[in-house]
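A.B. asks: Sequence below, structure please.
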Amino acid sequence: MDETMTETKQTAPFAPFEWMLSARYLRARRKEGFISVIAGFSFLGIMLGVATLIIVMAVMNGFRKELLDKILGLNGHILVQPLESPLTDWKDVADRLSQVQGIRLAAPVVDGQALASSPWNASGVLVRGIRSDDLNNLTSIAKNIKQGSLEGFDDGQGVAIGRRLADQLSLHAGDSVTLVASKGAVTPMGTTPRIKPYKIVAVFEIGMSEYDLGFVFMPLAEAQAYFNRSNDVTSIEVFTTNPDKIDAFRKAVTEAAGRPVFLVDWRQRNSTFFNALQVERNVMFLILTMIVLVAALNIVSGLIMLVKDKGSDIAILRTMGASQGSIMRVFLITGASIGVVGTLVGFFVGLVICLNIESIRQFLSWLTSTELFSPELYFLSKLPAEIDVGETTAVVIMALTLSFLATLYPSWRAARLDPVEALRYE
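C.D. replies: Residues are numbered from 1 along each chain as shown. Prediction:
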């Protein structure tokens, strides 16, 4: 008989009646409406916190990836600059660099600043002299020609300009743009500016406003003549197959150059910019985590109020044979349910928004008649989003952990409630 009574009193952890009580406590009656409101706000807080974290981290990842792709698509992964003497042997050096394993392109370039002008406007630009074959191997340019073409680029005296520059100067392919350089011909009166019109043979659009507005590509031989170069080049832009492992190429590039050179890789050229992005990303993660933390604290306050309100119910359950563990699990399930459901809903909301973020941006721009995410400010012509599986998993685990920890103290208090004290004044 005693063994039978003992068996009936013992229940397995997370028994059906514990889930039933938890579900009942989540559906508060009218007199418990305030507790239900707190639970609702906790759910919304966790949902919005998780969704916002996923969206913001995805946008910042996409922003970094797009910028990195566009910057590395136009500028070399390693910049080879001459030491001790001008780079007059640039053909031989470029050929030797091209034969290094892992290097897909070594492009000699002549860089110089100029003023691009038209009858309607003017803008400062960076003129880059480059060979036609090298320009066609830059897929960020060759695959994004919007007007004209790059055929016969080396043969004539035409230039390729960016789409935003063409719009600013009100020019199209086939029109002429005047380039003004500060250092021109040397005369008895001093150095005069060099002013020369060039036909626009192609208009490209990379999608990064800084490059679409500020770059002009010119045939290498013409650039050497325009900037008074003595058959030398400014530098050689080296493109590798794996820019993330750029350190592995530095020694091979130095040896292949066969002359004193100074190397600058893409991380050094853009270190300030990408370090700022990383700091901003980390700070945003910490700030938005506070949203989830505040929502978790709401779970704590809501459960404590629920425990106080259900004191007599807990006492009756204890006198009927419910163990402290059962009572603790009931309130653990109640609080954790809010966190789990809020996290899952937030995850799906964030996922849906990330997958459609550009469409949402265009709709909001149309609705408010304003330009959200201006290319002039953010460099990119569209809003990118790149979902990182590891980061998203970390956000979900963090939210679930905070939600679980928030339920421990109220559940422990409920389990420690003395049935005698709770029923004394009932």
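A.B. asks: Give me the below-cutoff pLDDT ranges for the protein.
C.D. replies: Counting by pLDDT under 70, the low-confidence segments of the chain come to 1-15, 17-18, 21-36, 184-191, 309-311, 318, 321, 373-381, 418-426.
A.B. asks: Can you classify Asn228 by secondary structure?
C.D. replies: Using DSSP: H, G, I helix; E, B strand; the rest coil, the secondary structure recorded for Asn228 is coil.
A.B. asks: Next, count neighbours for it.
C.D. replies: Around Asn228 sit 14 other residues, with neighbours defined as other Cβ atoms under 10 Å. C-betas here are computed from N, CA, C, even on glycine.
A.B. asks: what's the answer for Asn242, then?
C.D. replies: Counted by other Cβ under 10 Å, the residues lying close to Asn242 total 10.
A.B. asks: try Ala202
C.D. replies: By other Cβ under 10 Å, 22 other residues sit near Ala202.
A.B. asks: Am I right that it sits in a helix?
C.D. replies: No - counting by three-state DSSP, one finds Ala202 to be strand, located in no helix.
A.B. asks: does the closest residue in space to Ser117 that isn't next to it in sequence belong to a helix or a strand, and which?
C.D. replies: Distance criterion Cβ to Cβ, 6 or more residues apart in numbering; nearest residue to Ser117, sequence neighbours excluded, is Thr178 at 4.8 Å. Thr178 belongs to strand 176-181 when elements are defined using DSSP states H and E.
A.B. asks: Which of the residues in that strand are classified as buried?
C.D. replies: Residues of strand 176-181 classed as buried under the neighbour-count rule (16 or more other Cβ atoms under 10 Å) are 177-179, 181.
A.B. asks: same deal with stretch 139-147?
C.D. replies: The neighbour-count check on stretch 139-147 (16+ other Cβ under 10 Å) flags 140-141, 144-145, 147 as buried.
A.B. asks: quick revisit: so the residue nearest to Ser117 bridges to which residues?
C.D. replies: For Thr178, the beta-bridge partners under DSSP bridges are Ser117, Pro197.
A.B. asks: Next up, the contacts around it.
C.D. replies: For Thr178, the contacting residues are 116-118, 195-198, by Cβ atoms under 8 Å, 6 or more residues apart in numbering.
A.B. asks: Would you check how far apart it and Arg194 are?
C.D. replies: As defined by Cβ to Cβ, to the nearest Å, Thr178 lies at a distance of 11 Å from Arg194.
A.B. asks: Quick check: neighbours shared by these two?
C.D. replies: Once Cβ under 8 Å, 6+ apart is applied, it turns out that Thr178 and Arg194 contact no residue in common.
A.B. asks: tally of neighbours for the residue nearest to Gly174 when sequence neighbours are not counted?
C.D. replies: Take Gly174 and drop its neighbours on the chain: the residue closest to it by Cβ to Cβ, 6+ apart is Ile200, 6.6 Å away. If you count neighbours by other Cβ under 10 Å, Ile200 ends up with 23.
A.B. asks: Then Leu44?
C.D. replies: Number of residues near Leu44 (other Cβ under 10 Å) recorded here: 15.
A.B. asks: where's it, which helix or strand?
C.D. replies: Secondary-structure element containing Leu44, defined by DSSP H and E: helix 33-74.
A.B. asks: Now do that helix: distance to the chain's middle.
C.D. replies: For helix 33-74, the distance between its averaged C-alpha position and the chain's averaged C-alpha position is 12 Å (Cα atoms, centre = their mean, to the nearest Å).
A.B. asks: Next secondary structure element downstream of that helix?
C.D. replies: Moving toward the C-terminus from helix 33-74, the next helix or strand (DSSP H and E) is strand 78-82.
A.B. asks: ok, back up a step: so which of the buried residues of stretch 139-147 are in helices?
C.D. replies: By the criterion of DSSP state H, membership of those in helices covers 140-141.
A.B. asks: Distance to Asp95 for the buried residues of stretch 139-147 - can I get that in a markdown table?
C.D. replies: Below are the buried residues of stretch 139-147 laid out as a markdown table (distance: Cβ to Cβ, whole Å):
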| residue | distance to Asp95 |
| --- | --- |
| Ser140 | 24 |
| Ile141 | 22 |
| Asn144 | 28 |
| Ile145 | 27 |
| Gln147 | 33 |
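A.B. asks: What is the nearest of the buried residues of stretch 139-147 to Asn270?
C.D. replies: Ranked by distance to Asn270 (Cβ to Cβ), the buried residues of stretch 139-147 are led by Ser140 at 15.6 Å.
A.B. asks: can you tell me how far the closest one sits from Ala276?
C.D. replies: Ser140 is 23 Å from Ala276, where distance means Cβ to Cβ.
A.B. asks: secondary structure element for Gly342?
C.D. replies: Assigned by DSSP H and E, Gly342 falls within helix 324-355.
A.B. asks: That helix packs against which elements?
C.D. replies: Using 3 or more Cβ pairs under 8 Å, 6 or more residues apart in numbering; DSSP states H and E as the contact criterion, the elements in contact with helix 324-355 are helix 16-26, helix 33-74, helix 271-309, helix 311-319, helix 389-415.
A.B. asks: Which of those sits closest to Ser359?
C.D. replies: helix 33-74 (14.0 Å).
A.B. asks: Who are the contact partners of Leu351?
C.D. replies: Under the contact definition (Cβ under 8 Å, 6+ apart), the residues listed for Leu351 are 54, 387.
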